[in-house]
Every structure is written in structure tokens, then in C-alpha cells.
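Novice: build the 3D model from these lines:
(3 chains)
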Amino acid sequence: MQQRIRLKDSKQDFSIPYEEALNAGQLEAVKFDEGYVLVIAGAGSGKTRTLTYRVARLVEAGISPGVILLLTFTRKASQEMLRRAALLLDDRCERVSGGTFHSLAYTLLRRYAPKIGFDNGFAILDRADTESLIGMLRKEMGLVSKYRSFPRKSTLANIYSKAVNKTIAIESEVSNYYPHFIPCLEDINNLYDAYGQRKRELQYVDYDDLLIYLRILLQEHPDIRDRISSAYQYIMVDEYQDTNKIQADIIYLLSSINKNVMAVGDDSQSIYAFRGANFKNIMTFPEIFPDTKIIRLEENYRSVQPILNLTNVIISKAREKYSKHLFTRRKGGSKPLLVETGSENSQSRFLVEKILELNQGGVSFQQIAVLFRAGFHSFDLEIELGREGITFIKYGGFKFMESAHMKDVLAYLRILANPYDRISWYRILLLLDKIGPKTAESIYKTVLNENAGYTGILAVKPRSGWVKGMDRLKNLFSTIDSHPMSVAEMGEAVFSYYSSVLKEKFDDHPKRSRDLEHLLTIMRRYGSLGQFLTDMALEPPNTSTGSNLSADYPQNNQLILSTVHSAKGLEWHTVFVIWALDGRFPSVRALDNEDDLEEELRLLYVAATRAKENLFFVYPREIYDRGTGMIFSRPSRFLEDIPSDILEKIYANPW
DNA sequence: TCACGGAATATTTTT
DNA sequence: TATTCCGTGA
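Specialist: Reported below is the predicted structural model:
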């Protein structure tokens, strides 16, 4: 192995004017050479900028891009940072290893699959697959009749995932959040064991397993750990406040040779506790990593003073936080508004009116965002926007890849990549008339016994009820088998087979058909089916226009609708937070748990700190909540008692 | 063994 | 509200 350059030994003259481009704290972080460093970066304090410049500087110092690892929350975030670094310096920055913890885990586990007991590789279970596997076991084990009520498959998947990610026993998760299921506890545990066993048999790995197995790989195989950790000379982790214990362990193990880690985050913006993230994680960083240097970035470059005044008040209500005081030099700007409107629909109409007004005043649509607690909160607004002909792009909420028609199509493709994928076979076989679980099982067994890949289906002897359907299916697979096809060609073959199923199964098939066309467009960008499927599982597109899948790139000048979670790290000229209603935001489900309530507060803080110039909170006067039977009529408790010199309250009744 | 329909039930956020 | 679940009849 060639002698590596270390940052502190670099004699390079730097061409980028770091001193001019960065403030003192940012510069200190960017120039940090060896060891552990924690950058506590307040909202809008130039966190991304700091990481970008650091990447550029490392590369400029002559460090090979491949030995730099940049872990971010989404692949898009890392691509964006590397792109910007490349603009500062040159294309070498694009070759830095970047991605999410899950994608890193996937890559490494593929390479070392036999070491963790997967001799023939493995397939990834997404959330829906996880649920259907749990559902099958739930039925097989006959748990349902045993109890008056037993958790449904989605609840079970939740319980299991939370327990793993928070590193707690299933029992504590159940007794804290699902006390009514305590009587079933033993069987909930049994089912979990069965789930683990079944995953091993079928060579599946779920999202959580990716992290767990990576940790096991690094812990139990010192030789591999040394090899991997010497390959990554400089590690940077973004959004560290949203990592969990397993991820912290992984970082620790990955850095065991070179001991260079820069973690960047803001405890006040920790909003993924439901996924096992613990904002305390960021504070224990210095305990785990010895001699950690702590750098604080407290100057806010994003928001005008009146907005910062409000966000400082909001976060001051947090029970536990690490004090920091954000300041800005951005003068002027108007006071944030808390707007009460009549009904839900007048909330939407208020927004439409305001958005048009802003637009006429010169603010382009893409500089305006509407944020909300949950995906469905924007439904009424979407209709109203449609009526006005305002196009928008929506982030988060509805999971496009999890809609039935997408899952169906992916199932055929997954079989092509992995012919013994039991869940996928089940899925496509059940689409055929007269075939239920039992028949599907026997067909699957035939395919397995044939040991001839997916063409094993040709050996199936159909019963009279389903000859026709089976013939069509056989025809699909033998066509694909007859000659080599590109990813897109396979997609086309599957679509032409599936379109009749689509028409049969869904009333709204024209819309769904358009979605499939779009999927085909995405497929054309791929040279490998495996890569396509991995990306769909690990980084599924999460944007839509209206209810259709949209391109991954923001379209020109469209309004942004987004869940607060998906808005993390972004910023806009004007931000509207809708449903700022007690019971919606904070959500009713968080009201009786202090930790959950704190998380809601941080979530509201994240939403508010996205705004540069204008910030509106809007809520309808009175809403009947079907779910709880309650009437919500007060503004969010986090905003209600804020003095009007900080947050102005108005009533609006448009039209 | 499958399909259908009525009854129950849970309702956020994401890799 | 919409899905999921479960029992029943074919």
C-alpha cells in the first residue's frame, strides 16, 4: 500500500481562500486535522458549508477521495455536499465515499456476506416486506385466536424496530407504549424469534439488521475491522443528533485505526427518537471518543432577527438542552405571525391567497415552503392549490414505493434478481385468480425444488381453475429468459404483463399506469437490476407532485410542501407551518409523555428555523378529531403564550 | 382452499 | 376514514 498523506503533514499551498470564506468557528472545524471533533452547529450556522469546505480542503491537501467517508442522512444530502465541494475545488470531490449508514452497511455486508452467515448473499426487506413476513408468521403461529386482541402486523413491526433501535428489550417497549398488549408479551417475543429465524432461512435482512450485522461484522472479526477502518482515513458524520446507539458503535469501530472523526449536529434539532435516535448521543460523543475537541457554531446566517427571536424563545422551553445562543447580523424582516382561520378549508384558502400575494411581490414559488407534522395534513391544501393551478412538489408522507401497484411490479423484478425470494413469489402468485396462500406455497416449493432459477415456474402443473393465469405468467418468465435484456427492457416486459392485472384490480388504473411509466424512466438510468432494486429499497424516491411520483430533481419553480422531517437541513424565503393546533402539533399521541412532547417541541423548532424572511404559523379555529373524538381549538401550546412583541397573533377569514 | 363481506381498530415522522 | 382482520359460505 502506498504511503498515505496525512493532513497535518501536507505542505500543500491551498488555493481556496478558507480564511475569507469562513468564520472563526467554521475555519477551526475545516482546518481540524487529526483526532476527534464534535461540531455543535446551531440552526442556519453554516453546517453544510463547513462540511463542504472540509471535504474540499482534505482533497486539496492531497488526501485520496476514496479514503474520506461522509455519512449523511440521505444520499441526496451527501451528493449535494460533494457537488458543492467539487465546485470549490475540482471533480475529485465527487469521488469521496458518501451515503447513509444503511447504504454503507449494505455495501460492506455484501462484500463480507459469508462472514455473517449469508453465503449466498441476501435481499433487503423494506417495511412492507417486513410486515408481510411478520403477518405470515402471525397467522402460522395461530396467535390471533389465542387472545382477545393481538397486535397487528404493522404494530408488531413497530415494536420490534423500536426495541432494536433503542437497544431496549421488547418488554419495555411494550409496557411503555402498548400496555394493553402486556398479556401477549410472551408470544410477541416468540414471534420475534420466529421472525429472526425465518429471515435467516430465507436470506433476508431488514433495515435494522443492516446496522446490527455491520456492528457484528466489525466487532467479531478484528481482521476485517482493521482492514475496513484503515481504509477510511477521515470520517465525517452529519446530523449526529439523529444517530442511535448502534450507529455510534459503528462509527467507533470504523474509526478504530485512524481515529479521525468529525461529528456535526445540533441537539436542539434531534427529531428521530422514534427511530431510536437519542439527542443525548451527541453529548456522550466526548465520553466515547477520547480527547474530543468541541467547536460551537452560533452565528446564524439564515434568518432575520425577528425570526431568530422567536426560535430562541421556542427552544428555551426545552427541558433539556445544551445551551447555546444563536445570533444573527441579518437586520430587518417582519415579525412572525400566528394566524387563526375559520375551518380547515379557510386555512388552505388563506395559504393560497398569501402564496399568490407573495408571488406577485416577487417571491418565486420555489422559495416558499409549507410544512406540516404529518403527510396527510396537506390534503385539503393540495386540492385548493390544484384549483388555483399552483403546481407543487411534495416531500415525505405518503410512501410512493409502498403503494400496491409499485410493490407488485417490483416483486416480479425482484424475482428476476433473486429467484427464491419467497415474499415476492407470494405476492405475484396471489394476484392470480384462484390462487391463495396454500396454492402459492406449493408453487413456491416447486420453484425451489426445480433449482433452476425463476424458470422453475415452468415446471408448475396448474389445476384447471388457474391454468390460464399460470400460462401467462410462465410466458412472462420464459420471454425474459429467452434473451439478455437491459433493466428497462425487463421493466417493459413486466409492465405489459401487469397492465391487465392493473386494470382488473384498480379503478384508478390510468393514474397508476402513469406512475409505472415514471418508474420505467427511472429504470432507464440503471445498468444493473440489482443496483436498481437496492436503491429502491434503501433510497426510494420520496417526492411526488399531486399524487404522482415526480422526478428526483426539483422542477422549475414549484411550491414546496413537506413534512417537517423531510425539511431537515433545508431553508426557504417564506415558511408556512400549518396545523399549528394543539393536538395536531404537538400530536395528541405525544401529550402524555414528556420525552415525546419535548421531541414535538424540537420538531416545531426545526420547522421554524427553516425560514429566512417570513414565518407564518396557521391553524383552524376549531376541529373535530375523529380519531380521539376530541375537539381541538387551541393553538399549539408551544406558541400560545408567546408575547405578541415576538409572535403577532391575527385572525384571518379569507373570501 | 378461496373469495367475499361485515366488523373491528388504529390513526406521525423514515432508513 | 380506510385499512386490516376474521368468519363464513361456496
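Novice: got a list of what whichever residue of the stretch 101-250 of chain A sits closest to DNA strand B touches?
Specialist: Across the stretch 101-250 of chain A, the shortest distance to DNA strand B (CB to the nearest atom of the strand) belongs to A:H102, at 3.4 Å. Bear in mind the C-beta positions are built from the backbone N, C-alpha and C, glycine included. By CB atoms under 8 Å, 6 or more residues apart in numbering, the residues touching A:H102 are A:207, A:210-211, A:538.
Novice: residue closest to the middle of chain A?
Specialist: Compute the mean C-alpha point of chain A, and by CA atoms, centre = their mean the closest residue is A:T74, 6.7 Å away.
Novice: and that one, how far from A:W572?
Specialist: Between A:T74 and A:W572 the distance is 18 Å, computed by CB to CB, to the nearest Å.
Novice: what does the pLDDT read for the residue of the stretch 101-250 of chain A closest to DNA strand B?
Specialist: A:H102 carries a pLDDT value of 95.
Novice: so it is in which element?
Specialist: helix A:101-111 (DSSP states H and E).
Novice: which elements pack onto the next helix or strand after that helix?
Specialist: As assigned by DSSP H and E, the chain's next helix or strand after helix A:101-111 is strand A:123-125. Judged by 3 or more CB pairs under 8 Å, 6 or more residues apart in numbering; DSSP states H and E, strand A:123-125 is in contact with strand A:204-206, helix A:207-220, helix A:529-538.
Novice: give me the buried positions along the last one.
Specialist: Applying a neighbour-count criterion of 16 or more other CB atoms under 10 Å, one finds A:529-530, A:532-538 buried in helix A:529-538.
Novice: for stretch A:635-652, C-alpha coordinates in CSV please.
Specialist: C-alpha atoms of stretch A:635-652 as CSV (Å, rounded to 0.1, in the frame of the first residue of the first chain):
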residue,chain,number,x,y,z
PRO,A,635,-53.1,27.0,19.1
SER,A,636,-50.1,24.8,19.7
ARG,A,637,-49.1,25.0,23.4
PHE,A,638,-45.6,25.9,22.3
LEU,A,639,-46.8,29.1,20.7
GLU,A,640,-49.9,30.1,22.7
ASP,A,641,-48.3,32.1,25.5
ILE,A,642,-45.5,33.8,23.5
PRO,A,643,-45.8,37.6,23.9
SER,A,644,-47.1,39.5,20.9
ASP,A,645,-43.9,41.6,20.5
ILE,A,646,-42.3,38.3,19.5
LEU,A,647,-45.1,36.5,17.7
GLU,A,648,-48.0,38.5,16.4
LYS,A,649,-51.5,36.9,16.5
ILE,A,650,-54.1,37.7,13.9
TYR,A,651,-57.4,36.2,12.7
ALA,A,652,-57.9,35.8,9.0
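Novice: in that stretch, what's buried?
Specialist: Quick answer for stretch A:635-652 (16+ other CB under 10 Å): A:635-639, A:642, A:646-647, A:652.
Novice: circling back to that earlier point, farthest pair within the contacts of A:H102?
Specialist: Taking CB to CB as the measure, the contacts of A:H102 span a maximum distance of 12.3 Å, between A:L211 and A:L538.
Novice: contacts only, for the nearest residue to A:R138 once chain neighbours are set aside.
Specialist: Residue nearest to A:R138 in three dimensions, not counting chain neighbours: A:K153, with 5.9 Å by CB to CB, 6 or more residues apart in numbering. Contact analysis of A:K153 by CB under 8 Å, 6+ apart lists A:131-132, A:134-135, A:138.
Novice: run the last query once more with 10 Å
Specialist: If a contact means CB atoms under 10 Å, 6 or more residues apart in numbering, then A:K153 has A:130-139, A:191 as its contacts.
Novice: surely A:A86 and A:E94 touch.
Specialist: Yes: if you go by CB atoms under 10 Å, A:A86 and A:E94 touch, sitting 5.1 Å apart.
Novice: what do the two both touch?
Specialist: Shared contacts of A:A86 and A:E94, defined by CB under 10 Å, 6+ apart, comprise A:59, A:65.
Novice: and those two? Which one has more around it.
Specialist: Set side by side, A:A86 and A:E94 show more neighbours around A:A86, with 20 against 14, by other CB atoms under 10 Å.
Novice: ok, now how distant is that one from DNA strand B?
Specialist: According to CB to the nearest atom of the strand, to the nearest Å, A:A86 and DNA strand B sit 23 Å apart.
Novice: could you point out which element follows the strand or helix carrying that residue?
Specialist: Per DSSP H and E: A:A86 is located in helix A:75-88. Per DSSP H and E, the first helix or strand lying C-terminal to helix A:75-88 is strand A:97-99.
Novice: what is the mean pLDDT for that next one?
Specialist: Mean pLDDT, computed over strand A:97-99, is 91.
Novice: and it, which strands flank it?
Specialist: Here strand A:97-99 is paired, per DSSP bridges, with strand A:68-71 (parallel).
Novice: longest strand in chain A, please.
Specialist: In chain A, with assignment by DSSP state E, the single longest strand is strand A:611-620.
Novice: helices and strands around it, which ones?
Specialist: helix A:305-316, strand A:337-341, helix A:344-360, strand A:368-372, strand A:572-577, helix A:594-608 (3 or more CB pairs under 10 Å, 6 or more residues apart in numbering; DSSP states H and E).
Novice: contacts only, for the residue of the stretch 551-655 of chain A found nearest DNA strand C.
Specialist: Using CB to the nearest atom of the strand, A:R626 is the residue of the stretch 551-655 of chain A that sits closest to DNA strand C, at 6.3 Å. By CB under 10 Å, 6+ apart, the contact list for A:R626 is empty.
Novice: do the same with the one 10 residues further on
Specialist: Neighbour list for A:S636: A:314, A:338, A:373, A:577, A:579-586, A:600-601, A:604, A:617, A:619 [criterion: CB under 10 Å, 6+ apart].
Novice: can you do 7 Å?
Specialist: A:580-582, A:585-586, A:604 (CB atoms under 7 Å, 6 or more residues apart in numbering).
Novice: then A:S230?
Specialist: So A:S230 contacts A:257-258 (CB under 7 Å, 6+ apart).
Novice: mind checking the SS state of it?
Specialist: Put simply, A:S230 is helix when judged by DSSP: H, G, I helix; E, B strand; the rest coil.
Novice: now do the buried residues in stretch A:343-357.
Specialist: Buried residues in stretch A:343-357 (16+ other CB under 10 Å): A:344-355.
Novice: make a ChimeraX selection of the buried ones in the contacts of A:S636.
Specialist: To isolate the buried members of these in ChimeraX, using 16+ other CB under 10 Å:
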select /A:580,581,582,585,586,604
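Novice: want to throw the contacts of A:S636 into JSON lines with distance to A:N158 and secondary structure?
Specialist: Below are those laid out as JSON lines (distance: CB to CB, whole Å; DSSP: H, G, I helix; E, B strand; the rest coil):
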{"residue": "A:A580", "distance to A:N158": "27", "secondary structure": "coil"}
{"residue": "A:L581", "distance to A:N158": "25", "secondary structure": "strand"}
{"residue": "A:D582", "distance to A:N158": "25", "secondary structure": "coil"}
{"residue": "A:F585", "distance to A:N158": "21", "secondary structure": "coil"}
{"residue": "A:P586", "distance to A:N158": "20", "secondary structure": "coil"}
{"residue": "A:L604", "distance to A:N158": "24", "secondary structure": "helix"}
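Novice: near A:Y18, how many other residues are there?
Specialist: Taking other CB under 10 Å as the definition, A:Y18 ends up with a neighbour count of 18.
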